[in-house]
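Enquirer: Need a 3D model of the following:
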Amino acid sequence: MDLKKWFTNNKWIYLTILYIIAMLFQYSINQWGFVITPAGIGLIIAFFTTIMTNYKPIKKLLRKIKYFIGFSMFKWEAQANFTIKRDTLKSTLVAEEEKILELLLSSLKKNNENSDKKAVRISYSKNRNLILTIKDYVIDMEFSLIDLDEIDDDGDEVRILKINTIASLRYKDSNKAIEGILLDFYHLLCEKYEPSFEKYTFTIEPEKVGQDYMKKIFINEYDADEITAFEIRKNSPQFDEFVTQKNIKFATKRRDQLKGLVESAILKLS
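Expert: Next up, the predicted model:
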C-alpha cells in the first residue's frame with residue numbers, strides 16, 4: 001500500500017487526531033467535566049461528525065440503517081439479453097408463454113411470495129411482445145425475440161430473448177423484488193434455456209429527491225450548485241459502471257455479479 005497516497009486521500013484523519021489531542025487537553029484540565037463545557041461539546045460533535053462523514057465503514061453502516069427504515073422510491077430499469085439456440089426457444093412468445101410464466105411463478109414461490117397464476121397479469125404489446133406484470137410489486141417485464149443470422153460455437157442457429165423490466169420500488173421492496181425475484185428468475189431461465197451469451201444492464205434512478213441529490217452523493221470536492229453536470233465511468237473486466245446527475249447504471253455479462261452490484265448501487269444511493 002502507498003501510505004503517502006493513502007494519507008493524501010484521507011486528510012480528515014489529521015483533523016480527527018487534532019480533535020483527540022484537544023479533548024485530551026480539556027480532560028487534563030477539567031477531567032470528565034469537560035464533556036459539559038461548550039468547548040468539550042463542540043469538540044465531541046466535531047469529532048463524531050468528521051468520522052461519520054468520512055470513514056467509509058461508518059458511512060456504509062448509516063446507509064444500511066437508512067436502507068431498512070427509509071421510504072424513498074427508486075425507479076428500476078433492467079435489460080437482460082440471452083442468446084439461445086433456436087431449437088430450444090420457439091419462434092413466438094405465445095408458444096413460450098407457459099414456460100416463461102412457470103419460471104416466474106417458481107421464482108415467486110422461492111422467495112415466499114404469492115405464486116398463484118393470479119399473482120401475475122399476462123398481456124401483449126402492439127408488437128406482440130409478452131408482458132408479465134407482478135401485481136404485488138407492479139413490476140412490468142416485457143419479453144421480445146430477435147432472430148440472428150448467426151450460429152453459436154456448436155454450429156446451431158440462435159435467437160435473442162430480450163427482457164426489459166421496469167418498476168418503482170421502495171428500498172425494502174427492492175431487496176425482495178430485485179435481488180430476490182428478478183435475479184432468481186434470471187437464474188431459473190438460464191437453467192431452462194442454457195444461453196450461450198448473457199448481458200445484463202441495470203439503471204437505478206432515485207425518485208422525488210432534490211435536483212442536486214446525485215451530485216451531493218458522488219461529488220465531494222465541490223458544492224452541488226457549482227456542478228452543472230457530471231459523468232463517472234468505472235470499467236473493470238467484470239462490469240462497467242456509469243453515474244450521472246440523474247441515475248446510476250451498470251452492465252455485466254456475468255449473472256453472478258448482479259447481486260453484489262445491486263446491493264452496492266442501493267447503498268451508494270441511500
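Enquirer: Can you name the next helix or strand after the helix or strand hosting Glu142?
Expert: In the assignment (DSSP states H and E), Glu142 maps to strand 139-151. The C-terminal neighbour of strand 139-151 among helices and strands, as given by DSSP H and E, is strand 157-170.
Enquirer: Give the partner strands of that following strand in its sheet and their orientations.
Expert: With DSSP bridges as the test, strand 157-170 is paired with strand 73-85 (antiparallel), strand 139-151 (antiparallel).
Enquirer: Residues in contact with the last one: which ones?
Expert: Contacts to strand 139-151, defined as CB atoms under 8 Å, 6 or more residues apart in numbering, come from residues 83, 86, 89, 91-93, 100, 104, 125, 127, 129-134, 157-167, 169, 177, 181-182. C-beta: built from backbone N, CA, C; applies to glycine.
Enquirer: Give the rounded mean pLDDT of stretch 15-31.
Expert: Averaged across stretch 15-31, pLDDT comes to 84.
Enquirer: Using CSV, list the CA coordinates for that stretch.
Expert: In CSV, the C-alpha atoms belonging to stretch 15-31 read as follows (Å, rounded to 0.1, in the frame of the first residue of the first chain):
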residue,chain,number,x,y,z
LEU,A,15,-8.3,16.6,11.8
THR,A,16,-9.5,13.7,13.8
ILE,A,17,-6.1,13.4,15.6
LEU,A,18,-6.2,17.1,16.4
TYR,A,19,-9.7,16.7,17.9
ILE,A,20,-8.4,13.8,20.1
ILE,A,21,-5.4,15.9,21.3
ALA,A,22,-7.7,18.8,22.1
MET,A,23,-10.1,16.6,24.0
LEU,A,24,-7.2,15.1,26.0
PHE,A,25,-6.1,18.6,26.8
GLN,A,26,-9.5,19.5,28.0
TYR,A,27,-9.7,16.3,30.1
SER,A,28,-6.4,17.2,31.7
ILE,A,29,-7.8,20.5,32.9
ASN,A,30,-11.4,19.6,33.7
GLN,A,31,-11.4,15.8,34.0
